[in-house]
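Visitor: need a structure here:
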Amino acid sequence: MLTIRPGTPADIGAVDALLARSYGPLLRADYPPSVLVLVLPRMARAQPRLLASGRYFLAEEEGALLGAGGWSAEPPGGGAPIPALAHVRHVATDARTVRRGVGRALMGRVMEEARAAGMQRLSSLSTLTAVPFYEALGFRALRRLDLAFVPGVPFPAVEMERSL
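Guide: Model prediction:
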């Protein structure tokens with residue numbers, strides 16, 4: 001049975017391991033190895049502030065971490081919050097368990113919690129790989145952009161949004 005709970009700073013090692021099991025295998029179809037070898041060490045690291053926020057959730061089954069993700073009022077990379085706009089943060093599913101409803105369950109919790117906090121819209125900076133997932137959840141693509149995890153190495157992404 002899948003359970004979803006808030007993450008804590010004590011989960012940092014488990015989330016790091018999950019991100020490694022997720023991003024590397026799943027992103028290979030849409031990004032060249034020359035980009036992944038440089039970007040993954042920065043991208044696939046748990047974020048202590050998210051884990052301490054109470055807004056980052058872990059999906060577990062029989063003690064195994066299968067997914068993680070959350071939201072923040074602050075945009076990724078910093079900056080001032082925009083009233084009523086929440087941002088999806090660091091969503092990942094173990095590559096060995098995709099298409100089992102883990103990501104959908106996590107995002108259901110994220111949307112529920114953001115709505116309860118008064119948010120009216122939800123924004124996501126999606127990898128190219130995750131665009132169909134977010135579209136299935138009712139997100140629409142706003143624009144393509146390049147993220148700068150590593151200077152001089154563009155990482156294509158899609159800004160997406162949906163109403164809550």
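
Visitor: contacting residues for residue 163?
Guide: Going by CB atoms under 8 Å, 6 or more residues apart in numbering, residue 163 touches 120, 121, 122, 138. Every residue, glycine included, has its C-beta placed from N, CA and C.

Visitor: can you pull up the bridge partners for it?
Guide: When assigned by DSSP bridges, residue 163 has beta-bridge partners residue 121.

Visitor: measure it to residue 143 for me?
Guide: 18 Å (CB to CB, to the nearest Å).

Visitor: same thing with residue 41?
Guide: 27 Å.

Visitor: can you give me the strands for this structure?
Guide: Secondary structure of the chain, counting by DSSP state E: strands at 2-6, 56-61, 64-72, 85-93, 121-127, 140-150, 153-163.

Visitor: I figured residue 117 hits residue 86, correct?
Guide: Yes. Between residue 117 and residue 86 there is a contact under CB atoms under 8 Å: 7.4 Å.

Visitor: neighbour-wise, which of these two wins?
Guide: With neighbours defined as other CB atoms under 10 Å, residue 117 and residue 86 compare such that residue 86 has more, 28 against 13.

Visitor: so how far is residue 132 from the more buried one?
Guide: 21 Å.

Visitor: kindly report the same for residue 93.
Guide: 13 Å.

Visitor: the two: which has the busier surroundings?
Guide: Taking other CB under 10 Å, residue 93 and residue 132 do not tie; residue 93 has more neighbours (26 against 10).

Visitor: does that one touch residue 65 like I think?
Guide: No. If you go by CB under 8 Å, residue 93 and residue 65 don't touch, sitting 10.2 Å apart.

Visitor: give me the common contacts of those two.
Guide: The contact lists of residue 93 and residue 65 share residue 59, where a contact means CB under 8 Å, 6+ apart.

Visitor: endpoints of stretch 124-143, how far apart?
Guide: 11 Å (CA to CA, to the nearest Å).

Visitor: what's the offset of that stretch from the middle of its chain?
Guide: Centroid separation between stretch 124-143 and its chain, computed with CA atoms, centre = their mean, to the nearest Å, is 11 Å.

Visitor: equivalent analysis for stretch 77-92, please.
Guide: For stretch 77-92, the distance to the chain centre is 11 Å (CA atoms, centre = their mean).
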